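In: My questions concern the predicted model and sequence given below.
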Amino acid sequence: MTATPDARPRGTRLPRLARRRQLLGAAQEVFVAQGYHAAAMDEIAERAGVSKPVLYQHFPGKLELYLALLDEHAEALVKTVRDALESTTDNKLRVQASMQAFYDFVAGDGEAYRLVFESDLRNVAPVRARVDRANQQCAEMIAQVIAEDTGAASDEAHLLGMGLVGMAEVSARFWLSQQRVVPKDTAEKIIARLAWRGISGFPAL
């Protein structure tokens, strides 16, 4: 098999966790560049600089490898939003920090956001479940703040939370698709201002 241009040299023995991290990094590069269906375990192994048997020792199949990556990055998104909400008790600043969290995630190294937001496996049950869970967790955290500070009913607060998540995700992806013509901090502030003007109309917020 012909080595890919970015293939890593073989022969270095790594601890299990370090090897797993190496394999996930190689897999992310291949999945992001080619999508799930076009990606091959042969290429992932070659990119990581290991044999296929070594790759299969850690991940029994391509889907399991993909799901491990998806879990990692979905959890990272949820943590980023949680940290944003906990960074201040000023609700206007919370909105700004939450919008920034999504823009940071989309603009992050390695284009990991594509695995979460643009997967070509969105209709596969375990993938859809993980993506939905991440969106739900982000929306629920935002909804909790809305409910506590406005007295809004739980269902209404959750709808608002999901709306803010959708606004943040879609606008961040669009911003990136336009080659960042609008500076990142300006884009974040524009969307945060739009979100705040809507949400601040509710009592007590």
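Out: Done, it's in.
In: Going by C-alpha atoms from here, please, whenever you check contacts or count neighbours.
Out: Will do.
In: remind me which residues of the protein are low pLDDT?
Out: Along the chain, segments meeting pLDDT under 70 span 1-12, 204-205.
In: I'd guessed V116 sits against A74; true?
Out: Yes - if you go by CA atoms under 8 Å, V116 and A74 touch, sitting 6.5 Å apart.
In: what touches both of the two?
Out: By the contact definition CA atoms under 8 Å, 6 or more residues apart in numbering, V116 and A74 are jointly contacted by V131.
In: more neighbours, the two?
Out: V116 (26 against 22; other CA atoms under 10 Å).
In: In three-state terms, label that one for me.
Out: Three-state assignment for V116 (DSSP: H, G, I helix; E, B strand; the rest coil): helix.
In: Ok, Q100 next?
Out: helix.
In: show me what contacts it?
Out: With CA under 8 Å, 6+ apart, Q100 has these contacts: E188.
In: how much space between it and A39?
Out: For Q100, the distance to A39 equals 31 Å [CA to CA, to the nearest Å].
In: Wait, I44 touches V32, no?
Out: No - using CA under 8 Å, I44 makes no contact with V32, being 11.7 Å away.
In: Which one of those two is surrounded by more residues?
Out: I44 (26 against 18).
In: Which residue, other than its chain neighbours, is closest to the more buried one?
Out: A27 (5.4 Å; CA to CA, 6 or more residues apart in numbering).
In: before we move on, what about E169?
Out: Residue nearest to E169 in three dimensions, not counting chain neighbours: F102, with 6.2 Å by CA to CA, 6+ apart.
In: Correct me if wrong: the one you found contacts V170.
Out: No - taking contacts as CA under 8 Å, F102 lies outside contact range of V170: 9.5 Å.
In: residues contacting the residue nearest to S51 when sequence neighbours are not counted?
Out: Distance criterion CA to CA, 6+ apart; nearest residue to S51, sequence neighbours excluded, is A45 at 5.8 Å. The contact partners of A45, by CA under 8 Å, 6+ apart, come to L23, A26, S51, K52, L55.
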